[in-house]
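**Student:** Mind looking at a prediction? Sequence and model below.
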Amino acid sequence: MCLLCHKTLSNEAMKPSRLGEHLSTKHPNDKDKPIEYFQEIYKKFQNLSTIVASFKKQHAVNEDGLIAPYHISQLISKSGKSYNIGETVIIPSIKEFISTVMHQDIPEILKMLPLSDSTVKRQIEEMPVNVEKKLISILQNSSFSMQLDKSTIADNNALLMAYVRYFDENNTLREEMLFAINLITDTRGLSIFNTVKSYFTKNNIPLNNIVACATDGAPSIVGRYCGFVAYLKEEVPNVLYIHCVVHRQHLVGKHLSTSLHSSLTIII
């Protein structure tokens, strides 16, 4: 590269005769300058390269400094600890390790690590939204099986949950929770189907991508005319229905073993 015009030169142009020609034709005002002049230009170029490299390094540090709090927030979420543990325990622990074990000064980036309780809460809330978007984008173009279950929670509210199994781009079988939605009206088969269909329509997931559906044996699910499966088969005639194995074991456990029944009740 020519340091005067910053033009990239070919290997052929690096010959002394060609370089002299380039200097004479493109930079006639500089051709008679002393060698010290060109050495000074080269020094400035080296300093500039160092500055650019320094900026790139700092940018990478700042980027990693933004990613790290999300990873730490995920660990806090999985542990079930209070959100303020980031500020009160984690950051002081990292600082203590760096100063005591590594005998180094505390990096500036660590002093700015955003792990206040409100920040951790926000980051934890942001992560599942991103995960759901990625999962939806996969299901829009892939076949998958779905497990559906409803449960009654506090205040007699009915909760509908859906899990999906699919193969990712590496042909690895994945299982993820798709949604957990409150049933607003009732727990009849049509209401359950409309809730599922509404979610799929809203997120542009074709119902035809469902190849199999596993549920319990409740009438609202498997009823011949008014069950969820009946309505689903009207939309997806070839969908395979599977009675959930865990629910079947639960039914057997009611009559065979009190301890097994108690264990499966907790699991379900």
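**Tutor:** Alright, I've got the coordinates. What you are looking at is a predicted structure, and each value in this text was computed from that prediction instead of being measured.
**Student:** rest of the way, CA atoms for contacts and neighbours
**Tutor:** Noted.
**Student:** Show me where the stretch 151-268 of the chain has its strands.
**Tutor:** Using DSSP state E, counting those that start in this stretch, the strands of the stretch 151-268 of the chain run over 158-167, 173-182, 210-215, 240-243.
**Student:** residues making contact with the third one?
**Tutor:** Here strand 210-215 makes contact (Cα atoms under 8 Å, 6 or more residues apart in numbering) with 143-149, 221, 236, 238-244.
**Student:** Could I get the phi/psi values of the residue of the chain most remote from its centre?
**Tutor:** Most distant residue from the mean C-alpha position of the chain: Asp32, 60.4 Å away (Cα atoms, centre = their mean). Taking degrees, to the nearest 10, you get phi -100, psi 10 for the backbone angles of Asp32.
**Student:** Also Ser17?
**Tutor:** phi -60, psi -40.
**Student:** Tell me which stretches of the stretch 51-200 of the chain form helices.
**Tutor:** 85, 91-100, 108-111, 117-139, 189-202 (DSSP state H, counting those that start in this stretch).
**Student:** Could you list the low-pLDDT ranges of the stretch 51-200 of the chain?
**Tutor:** The stretch 51-200 of the chain contains residues with pLDDT under 70 at 51-65, 106-112, 154-156, 185.
**Student:** Spatially nearest residue to Glu175 (excluding sequence neighbours)?
**Tutor:** Arg165 (4.5 Å; Cα to Cα, 6 or more residues apart in numbering).
**Student:** Is the one you found in contact with Phe144, as I believe?
**Tutor:** Yes: applying Cα atoms under 8 Å as the test, Arg165 and Phe144 come out as touching, 5.6 Å apart.
**Student:** Could you dump the helices of the stretch 51-200 of the chain into CSV with distance to Lys44 and mean neighbour count added?
**Tutor:** As requested, the helices of the stretch 51-200 of the chain are exported to CSV (distance: least, Cα to Cα, whole Å; neighbours: other Cα atoms under 10 Å):
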stretch, distance to Lys44, mean neighbour count
helix 85, 49, 16
helix 91-100, 37, 14
helix 108-111, 29, 11
helix 117-139, 43, 15
helix 189-202, 58, 17
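**Student:** Save the strands of the stretch 151-268 of the chain as TSV, and put in mean neighbour count and distance to His103 too.
**Tutor:** Shown next, in TSV, are the strands of the stretch 151-268 of the chain (neighbours: other Cα atoms under 10 Å; distance: least, Cα to Cα, whole Å):
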stretch	mean neighbour count	distance to His103
strand 158-167	18	47
strand 173-182	14	44
strand 210-215	20	57
strand 240-243	15	60
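**Student:** Can you lay out the ones you listed as TSV showing distance to Leu135?
**Tutor:** Converted to TSV, the strands of the stretch 151-268 of the chain look like this (distance: least, Cα to Cα, whole Å):
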stretch	distance to Leu135
strand 158-167	10
strand 173-182	8
strand 210-215	14
strand 240-243	22
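**Student:** State the number of residues packed around the residue lying closest to Ile98 once chain neighbours are set aside.
**Tutor:** Leaving out its chain neighbours, the residue that sits closest to Ile98 by Cα to Cα, 6+ apart is Gln104, at 5.8 Å. Neighbour count of Gln104, defined by other Cα atoms under 10 Å: 11.
**Student:** Look up phi and psi at Gln104.
**Tutor:** phi -120, psi 160.
**Student:** In this structure it contacts Phe97, no?
**Tutor:** No: applying Cα under 8 Å, one finds Gln104 not in contact with Phe97, separated by 9.3 Å.
**Student:** Which residues does Ser182 form beta bridges with?
**Tutor:** Careful, residue 182 is Asn; it's not Ser. Asn182 forms beta bridges with Leu159, as assigned by DSSP bridges.
**Student:** ok, now how distant is it from Leu159?
**Tutor:** The spacing between Asn182 and Leu159, counted by Cα to Cα, to the nearest Å, is 5 Å.
**Student:** Distance check, Ser143 against Leu173.
**Tutor:** For Ser143, the distance to Leu173 - Cα to Cα - is 12 Å.
**Student:** do the same with Phe193
**Tutor:** 26 Å.
**Student:** do Leu139 as well
**Tutor:** 13 Å.
**Student:** Please apply the same query to Asp32.
**Tutor:** 71 Å.
**Student:** Pick out the residue nearest the middle of the chain.
**Tutor:** Val131 (4.4 Å).
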